[in-house]
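K.L.:
Mind looking at a prediction? Sequence and model below.
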Amino acid sequence: MQSFTDAFPELAFVLASELRATGRADLASELEACSVRDVSYDSEANAGLIALDPTRELNFVERNVIGQKFGQVVTFSRPRYASLQLDNFGRVVGVELLGPPADLASSLLLTSNNRWRGP
């Protein structure tokens, strides 16, 4: 699997810098260490999701008793088009992009697993 920083270096740098500037260096380090699991992009809606594999594995109780659920969203003042998704254990699990710049949208389209292939 490709790391998030290798797949999207500029986005990783901007998001990690913003997290560190707002006192969330822990999330910045975790984001930089994550691997890309899946990329989805809808060019009509100009929206994408980069699903990430967290660095910390869940233990037996967390996985089978509590279960992984959506936790919270971390928004950014810069860039406004991105938000970080955390699970209920505080692990980074995704980056949502709404209205990304054209160069990033192109990268998302090229790496997306949900590209429209035509008839």
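P.N.:
Right, received. Where do you want to start? Numbering: from 1, shown residues only.
K.L.:
longest helix of this structure?
P.N.:
For the chain, the longest helix by residue count, based on DSSP state H, is helix 9-21.
K.L.:
angle of the helix or strand following that helix against helix 9-21?
P.N.:
Heading C-terminal from helix 9-21, the first helix or strand you meet, by DSSP states H and E, is helix 25-33. Calculated by axes from the mean of the first three to the mean of the last three C-alpha atoms, to 10 degrees, helix 25-33 forms an angle of 170 degrees with helix 9-21.
K.L.:
List the buried residues in the helix or strand that helix 25-33 is followed by.
P.N.:
Counting by DSSP H and E, the next helix or strand C-terminal to helix 25-33 is strand 35-42. Residues of strand 35-42 classed as buried: 36-37, 39-41 (neighbour count, 16 or more other C-beta atoms under 10 Å). Every residue, glycine included, has its C-beta placed from N, CA and C.
K.L.:
so where's this protein uncertain?
P.N.:
1, 114-119 (pLDDT under 70).
K.L.:
centroid residue for it?
P.N.:
residue 95 (2.4 Å; C-alpha atoms, centre = their mean).
K.L.:
Quick check: which helices or strands does the longest helix of the chain pack against?
P.N.:
If you count contacts as 3 or more C-beta pairs under 8 Å, 6 or more residues apart in numbering; DSSP states H and E, helix 9-21 packs onto helix 4-7, helix 25-33, strand 82-87.
K.L.:
same thing but 7 Å
P.N.:
Counting contacts by 3 or more C-beta pairs under 7 Å, 6 or more residues apart in numbering; DSSP states H and E, helix 9-21 packs against helix 25-33.
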